[in-house]
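In: Dropping the sequence and predicted coords here.
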Amino acid sequence: MASVNLKTPLTFLKGVGEQRAAALLKELELETCFDLLHFFPLRYVDRTDFKTIAQVKQLTLSVAELRDVQMKGALRNMKVIGAKKGRRLVAELYDGSGTMELVWFNGINWLQKSLKPDTQYIVFGKPSIFNGVVNMMHPEMDPATTSEFQLGGKIQPIYSGTEKLKAKGMNSKMISRFVQSLFDQLTPYDLPENIPADIVEKYRLIGRFDAYKQIHFPDSDQHMQHAVRRLKFEELFIDQVKLLRVKQFRHSSSMGFIFKELDRYFNVFYNAYMPFELTGAQKRVLKEIRKDVLSGRQMNRLLQGDVGSGKTVVALLTMLMALDSGFQSALMAPTEILAQQHYAGISELVRELPIRVALLTGSIKGKQRKEILTGVADGSIHILIGTHALIEETVQFQNVGCVVIDEQHRFGVEQRAKLWNKNSIAPHILVMTATPIPRTLSMAYYGDLDVSIIDELPPGRKPITTVHRKENERLRVFGFLKEQIAEGRQVFIIYPLIEESEKLDLKNLMQGAEVIDREFPKPAYQVSILHGRMKPADKDFEMQRFLKKQTQIMISTTVIEVGVNVPNATVMVIENAERFGLAQLHQLRGRVGRGAHQSYCILMTDNKLNADARTRIQTLVQTNDGFKIAEVDMQLRGPGEIEGTRQSGAPQFAIANIVTDEAILKEARVTAEALLDADPSLGLPAHAALKKYLSEQTWKIKQWGKVS
Ligand code: ADP
Ligand code: MG
């Protein structure tokens, strides 16, 4: 047989064959030797460690999670009992400390012949509890004379399989044998070092081939840990180098429009029509943007700023810079309501200037739509505001110079990419997000973007007071709402939305609405209701009534989640707050506290809460700082679940975990930065291997390079 390399399909690996390869592909998505190599053990068992039967029983009854254990003992009273599917071989294992029943359902005849009574065996398996008695099903049996090496090494890897694989006899041990068979054929040549030598030395990393070998077959616990660290570092380092090169590539070669002029629109607006003084943070960010649009390179900037921090006006000012140089701009929002708000807000701000702003959403049709499309195409519309429709449909700009994307977590990387393709010189891109992302996350996920942060709220904002109230305090809460309404304020009451049961949610919301109707009778009180099943026009109608203060209470599902601006609303009541995620709660809370009045967020929950829910609620009560909240969120849920990263085509790491490996990520980042600073083209001989390694994986970089 020809020797295997990492690209070889598993079918051709010794001991696998077609059927097993098919099962590995179907169950574990393992296709090639490379995939198998990266199928890292879930954990390890120490085959030098033996427990007595008494210890195993005690452990099993006291520990929640059952783990594989190893015992030494002899068998007696072996017999076959039961019939048909219940037919099984049972035997009593004994050592000096006690006895335990062993049970096998499969391979009975063969086991009966090969297992000898009163002979010492090494017994390995996972104990289980049946009717309060500890036993073991399908243990692996080896003669007591078997060496550790024959058992699969001192420290044996445990691979996570699936029930289907196990039913085919493909257990962890068999997967381990496949990996062993792979290593029988691999040489260090197949896994050449890809990290430059000085870095390997500085961080005391073990070699690449060694690391893969040791992670599958560790010589000791310490070797295993070195292997894990090396592979995590490698994964994060390579990822950072790639991201930084994308950025570097864009900085050096992606042409960008130059927005030099400021006189006709920007300065006029800034000096005569700005309704307020910019905050220090807004000014700083604006300078960063200014530098980008003068650089001759395409801007790709992520603007992070907590809800209410004033991102919109920064976006507008950026679009005015474009306009001054004769370019159109587009602003995209994730929902129609938001697009409408932006349209209303921006039209109002530039009302005195000769600027044509248009709104294009899915519900604008027919003649009106045609007119807008014509205006966009002939350049008479200067700023086009809309939803996804802007990129999903064939909107042809005359010359779009700047694209602003609000609430970017709704737009994945791929969607962003669509924009860039529309033009030969890509427009400047400003991505705005109110979902604060922990620094480590933005490093890993947005490492290719430049990041600006607005970390200051406009002056005079009173921090929102957040409280936690339980069902038995409901009347008190209603009393408070009445006081606020009596003072002329308005109130949001939000019900959770669970995707699986929209009907149930609607029922919750409607029941809630009935209670509110009773407690807040007409005509003294007027109530708006908003939910996802309403037609856009009806939603808009209710939203407008609330905005015009014709209603005092807005009952809604999370459709109002993002961005909606109603400065007179001062109370946000969130029903079943325990059912919301942290980021979402924070977003919802950000709907209030936008005007001059003190605002409140009331988190209503059941009396009983689980630990996670309690942490979430307490975090909200304690802090308004979106970044702190994001940190807690990441700790609770892990990076993969953080809003905005899962859908955005973020990289999946095979071994690194950016929550727990923050320190390694930082090392990888600074190392990658220093490397590319010193040798931007990776032209030095010392970096040749890294360069070669990257070039073998360029599809990803190329794709990104092209689209951005
Ligand atoms: P977000 O960052 O959440 O999109 P917005 O841009 O909607 O925030 O701004 C929130 C509110 O704060 C708006 O009413 C806006 O007019 C106001 N605002 C923005 N910047 C300032 C400022 N520098 N001074 C006073 N008010 C401001
Ligand atoms: Mg906004």
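Out: Received, thanks. Ligands and ions are numbered 1, 2, ... in the order given.

In: Distance-wise, check S181 relative to M174.
Out: When C-beta to C-beta, to the nearest Å is the yardstick, S181 and M174 sit 10 Å from each other. Yep, even glycine has a C-beta here, placed from its N, CA and C like the rest.

In: Residue in the stretch 401-550 of the chain with the shortest distance to ligand 1?
Out: Evaluated by C-beta to the nearest ligand atom, the stretch 401-550 of the chain has P458 as its residue closest to ligand 1, separated by 3.4 Å.

In: quick one: low-confidence parts of the stretch 101-250 of the chain?
Out: Low-confidence regions of the stretch 101-250 of the chain, defined by pLDDT under 70, span residues 149, 152-153, 250.

In: and the residue in it positioned nearest to ligand 1, what helix or strand is that in?
Out: Checking the stretch 101-250 of the chain residue by residue against ligand 1 with C-beta to the nearest ligand atom singles out K247 as nearest, at 24.8 Å. Following DSSP states H and E, the helix or strand that holds K247 is helix 221-253.

In: that older thread, what about the residue of the stretch 101-250 of the chain closest to ligand 1, how many residues nearby?
Out: K247: 18 surrounding residues under other C-beta atoms under 10 Å.

In: how close does it get to L278?
Out: Remark: distance between K247 and L278 (C-beta to C-beta) = 27 Å.

In: So for stretch 618-633, what gets flagged as buried?
Out: Applying a neighbour-count criterion of 16 or more other C-beta atoms under 10 Å, one finds T619, L620, N624, G626, I629, A630, E631, V632, D633 buried in stretch 618-633.

In: got the phi/psi numbers for S380?
Out: When read as degrees, to the nearest 10, the backbone of S380 gives phi -80, psi -20.

In: Can you tell me the closest non-neighbouring residue to it?
Out: Here the nearest residue to S380 in space, its sequence neighbours aside, is R356; by C-beta to C-beta, 6 or more residues apart in numbering that works out to 6.1 Å.

In: ok, now which ones touch that neighbour?
Out: With contacts defined as C-beta atoms under 8 Å, 6 or more residues apart in numbering, the neighbours of R356 are G375, S380, I381, H382, I383.

In: Mind giving me the ChimeraX select for the residues you listed, buried ones only?
Out: This is how ChimeraX selects the buried members of the contacts of R356, with burial counted by 16+ other C-beta under 10 Å:
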select :375,381,382,383
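
In: any chance of the contacts of R356 in JSON lines, plus distance to I81, pLDDT and secondary structure?
Out: Output for the contacts of R356, formatted as JSON lines (distance: C-beta to C-beta, whole Å; pLDDT from 0 to 100; DSSP: H, G, I helix; E, B strand; the rest coil):
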{"residue": "G375", "distance to I81": "84", "pLDDT": "96", "secondary structure": "helix"}
{"residue": "S380", "distance to I81": "88", "pLDDT": "97", "secondary structure": "coil"}
{"residue": "I381", "distance to I81": "83", "pLDDT": "97", "secondary structure": "coil"}
{"residue": "H382", "distance to I81": "85", "pLDDT": "97", "secondary structure": "coil"}
{"residue": "I383", "distance to I81": "81", "pLDDT": "97", "secondary structure": "strand"}
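
In: and ligand 1, which of the contacts of R356 contact it?
Out: With C-beta under 6 Å from any ligand atom as the criterion, no member of the contacts of R356 is in contact with ligand 1.

In: of all the contacts of R356, which comes closest to K154?
Out: Using C-beta to C-beta, I383 comes nearest to K154 of the contacts of R356, at 67.9 Å.

In: what bridges to that closest one?
Out: Taking DSSP bridges, one obtains S329, V357 as the residues bridged to I383.

In: I'd guessed it sits against L359; true?
Out: No. Distance between I383 and L359: 9.8 Å, which falls outside the contact criterion (C-beta atoms under 8 Å).

In: Done for today, thanks.
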